[in-house]
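A.B. asks: Build me a model from this:
(chains A, B, C and D)
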There are 2 protein chains.
Amino acid sequence: MPVSIKDIAQKAGVSPSTVSRALNDHPRISQETKTYIQNLARSMGYIPSTVARNLVTRRTATIGVAIADLTDPYYGRLMLGIDDAAAAHNYQVLLSCFYRDPDRELALVHDFHKRRVDGIIVLGSEAESAYSDPDQNFFMPIVLVNRPGYRCSVSVDRNVGGQMVVDYLVSLGHRRIAFITGGARQRIRSRRLAGYRQALARHHIPYNPDLVVDGDGEISGGIRAANQLLSLSPPPTAVFCFNDMTAIGVINALRRQGFRVPDDFSVVGFDDLEMTAYYSPALTTVRQPTHEVGERAFDMLSRLIRHQPVEPEMLNPELVIRASTTSAAQPLTA
Amino acid sequence: MPVSIKDIAQKAGVSPSTVSRALNDHPRISQETKTYIQNLARSMGYIPSTVARNLVTRRTATIGVAIADLTDPYYGRLMLGIDDAAAAHNYQVLLSCFYRDPDRELALVHDFHKRRVDGIIVLGSEAESAYSDPDQNFFMPIVLVNRPGYRCSVSVDRNVGGQMVVDYLVSLGHRRIAFITGGARQRIRSRRLAGYRQALARHHIPYNPDLVVDGDGEISGGIRAANQLLSLSPPPTAVFCFNDMTAIGVINALRRQGFRVPDDFSVVGFDDLEMTAYYSPALTTVRQPTHEVGERAFDMLSRLIRHQPVEPEMLNPELVIRASTTSAAQPLTA
DNA sequence: TTGTACGCGTTATCAA
DNA sequence: TTGATAACGCGTACAA
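C.D. replies: The predicted structure follows:
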């Protein structure tokens, strides 16, 4: 049973409110009693109860962050940005993971509501549409990351990222460029895929649905997808992957079949995970300003909490050319 | 302003306690009013306040997890185990990261206290000794992961892991085996290092301090350490790394100097990150029962919360032999 | 089966 | 500068 403000008051022979004032550096209190109470509190091992405090102040100085996947380092880096910004504003962060499951995501957001956090950030939402649904009774600010359709969102322009990749591969002479998605569910809303298609159109390369196959954002999905692409005749000469993990799966599958990267196939990832720069071959990929996205997401949420107006934000990615891509081989029929 | 139990009571023409009972499936209440109230609550968009509830029940059904580094996938996998077990017991998890900083770690644990969580798990503690210090006023159960010196801990036996690695390398004919630590701070308490030394002694190989250099648990540290080892004459023939990230840095540094792995140097990691199985060469490493460690940590905490006795637990790691290790080259003087 | 009254630990308002 | 008193939203013993 922790010691409370009353215990201290009793021992000090003052009223609980005096103790409260002393502990909160209240202006109207004598320096003498203030330091006395503070020392007494420390010696008694007093630890204030945020739960009681939150009840009466009606705010928690806490934001909830719902994260799609904890094992993906990409989200870890996003968290860093959020956490830095939050710490700078004296906010605490409540982190939970919903394992890419939309039901668990909404359950989590609901739990944040019950906890009365001051606001919520969702990373990698699988239930985007729910946040615009008035029936859901979301009565607190919510910012989504990388869901540009939502009005309070901070995103990286993956459409542009997709275009950059295709432009680059085309400039290397590739025309049969495959795309591996992050899963059947993502496929519909995929900005990367949209960018891929737009760039193809710009280069007058017809869109071939056979070249678009589903992965799952993980290594295993990349392996499956690569094998599927290899069964095509003719197979692609370049593969644009949903993310770096997928790309690693792809490269492994290709190698296992005796192919070389980039000699036989060019492979491009997305995210620029630290590790993939040290992969062999070092991965050509798309870097996102991950830390900045996190910071901006917090800043937007902070404005929302203070009832200030916000607008959706969109940051630009950057192509990082390394060793997993090279010029397309001359066609045999040439 | 969220709707409260009183609002519902007023609208329903009953007392607040009746509403409370209806919402909590209390036994003594008529089925009729119960469903009536429940529907009314839903239609009014009622979201119970856990903060108020926690205040009166004096428990939060929440555990705090302090994690050393969010970008390290190893900790992500530990979290999975904890989260699974916690969910199965209807506990919520509060996650926060202390960035390997002991001060931030203790600040975080202190904050958990203020939040009145029911218990705490620390992953990768940097302030182990504080938890045995009576002055710190830790009045709630705390479980440490991988800190076998603490009485409430769940650990993988890294000493045995270190011995397994050395035994294996010696069996391949290596005798100049380097060890790269996870940082100067870790070095003192490193179980891996202790195991490394014990195994060397068993094989009558004298301990050479020059062969033990500091990394930082990240890729960059591995690169620095490898360069340091290359400056030795003669250099080692095998390198045992604190973790897989370090090993990747080492392999890259060696390659950059024109060496081949495993032909010129054998390299062993630790952790068995998913990605390193797909690295080139596939990494020989030590697998830990990560998910089980997480589950057991929660179970131990759960017993602690219920005032049941606990004992420190120690799980065994497993050597995973892949392609980054091979027989030692014959000495030139042979 | 339901209502009344109180308490959880804290802050805020008003008097003194 | 300090002390009563009320309130935050909810659970519960007791009474009705």
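
A.B. asks: drop to CA atoms for contacts and neighbour counts, all remaining ones
C.D. replies: Noted.

A.B. asks: My read is that A:Glu126 contacts A:Pro102, right?
C.D. replies: Yes: applying CA atoms under 8 Å, one finds A:Glu126 in contact with A:Pro102, separated by 5.0 Å.

A.B. asks: Compare the two and say which is more crowded by neighbours.
C.D. replies: Counting neighbours by other CA atoms under 10 Å in any protein chain shown for A:Glu126 and for A:Pro102 shows that A:Glu126 has the greater number, 21 against 16.

A.B. asks: which residues does the more buried one contact?
C.D. replies: Residues counted as contacts of A:Glu126 (CA atoms under 8 Å, 6 or more residues apart in numbering or on different chains) are A:Arg100, A:Asp101, A:Pro102, A:Glu105.

A.B. asks: Let me see the contact set for the second one.
C.D. replies: With contacts taken as CA under 8 Å, 6+ apart, A:Asp101 has the following neighbours: A:Ala68, A:Glu126.

A.B. asks: got it, and the last one?
C.D. replies: Applying CA under 8 Å, 6+ apart, we find A:Glu105 in contact with A:Ala66, A:Ala68, A:Cys97, A:Phe98, A:Ser125, A:Glu126, A:Ala127.

A.B. asks: Hmm, the fifth one is touching A:Pro148, no?
C.D. replies: No: under the criterion of CA under 8 Å, A:Ser125 is not in contact with A:Pro148, lying 11.2 Å apart.

A.B. asks: Looking at those two, which has the bigger crowd around it?
C.D. replies: Higher neighbour count among A:Ser125 and A:Pro148: A:Ser125, with 22 against 19, using other CA under 10 Å.

A.B. asks: quick one, domains of chain A?
C.D. replies: Per automatic domain parsing, the structural domains of chain A span A:5-48, A:60-156+A:290-316, A:158-288.

A.B. asks: Is there any residue in the second one that contacts DNA strand C?
C.D. replies: What that stands for is domain A:60-156+A:290-316. No: if you take CA under 7 Å from any atom of the strand as the test, domain A:60-156+A:290-316 misses DNA strand C, and the best it gets is 11.0 Å.

A.B. asks: Now the phi/psi pair for the closest residue to A:Leu172 other than its chain neighbours, please.
C.D. replies: Counting by CA to CA, 6 or more residues apart in numbering or on different chains, A:Leu172 lies nearest to A:Ser327, which is 4.5 Å off, once chain neighbours are set aside. Per-residue torsions, A:Ser327: phi -60, psi 150 (degrees, to the nearest 10).

A.B. asks: what does A:Met44 give?
C.D. replies: The phi/psi pair for A:Met44 (degrees, to the nearest 10) is phi -90, psi 0.

A.B. asks: From B:Ile142, how far off is it?
C.D. replies: Between A:Met44 and B:Ile142 the distance is 21 Å, computed by CA to CA, to the nearest Å.

A.B. asks: Ok, A:Thr285 next?
C.D. replies: Using CA to CA, A:Thr285 is found at 42 Å from B:Ile142.

A.B. asks: Of these two, which one has the most company?
C.D. replies: A:Thr285 (30 against 25).

A.B. asks: Next SSE downstream of the host helix or strand of that one?
C.D. replies: Using DSSP states H and E, A:Thr285 maps to strand A:285-287. Using DSSP H and E, the helix or strand that directly follows strand A:285-287 along the chain is helix A:290-305.

A.B. asks: other SSEs contacting that next one?
C.D. replies: Counting contacts by 3 or more CA pairs under 8 Å, 6 or more residues apart in numbering or on different chains; DSSP states H and E, helix A:290-305 packs against helix A:73-88, strand A:119-123, strand A:142-145, strand A:153-156.

A.B. asks: Same list (these) but as CSV, adding distance to B:Asp83 and mean pLDDT.
C.D. replies: Below are the helices and strands packed on helix A:290-305 laid out as CSV (distance: least, CA to CA, whole Å; pLDDT from 0 to 100):
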stretch, distance to B:Asp83, mean pLDDT
helix A:73-88, 17, 93
strand A:119-123, 18, 98
strand A:142-145, 23, 98
strand A:153-156, 28, 97
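
A.B. asks: Could you report the neighbour count for A:His203?
C.D. replies: Neighbour count of A:His203, defined by other CA under 10 Å: 14.

A.B. asks: ugh, wrong one, I meant A:His110
C.D. replies: Neighbours of A:His110 (other CA under 10 Å): 16.

A.B. asks: secondary structure element for it?
C.D. replies: Counting by DSSP H and E, the element that carries A:His110 is helix A:102-115.

A.B. asks: the inter-axis angle of that helix versus strand A:119-123?
C.D. replies: Going by axes from the mean of the first three to the mean of the last three CA atoms, to 10 degrees, helix A:102-115 is angled at 160 degrees with respect to strand A:119-123.
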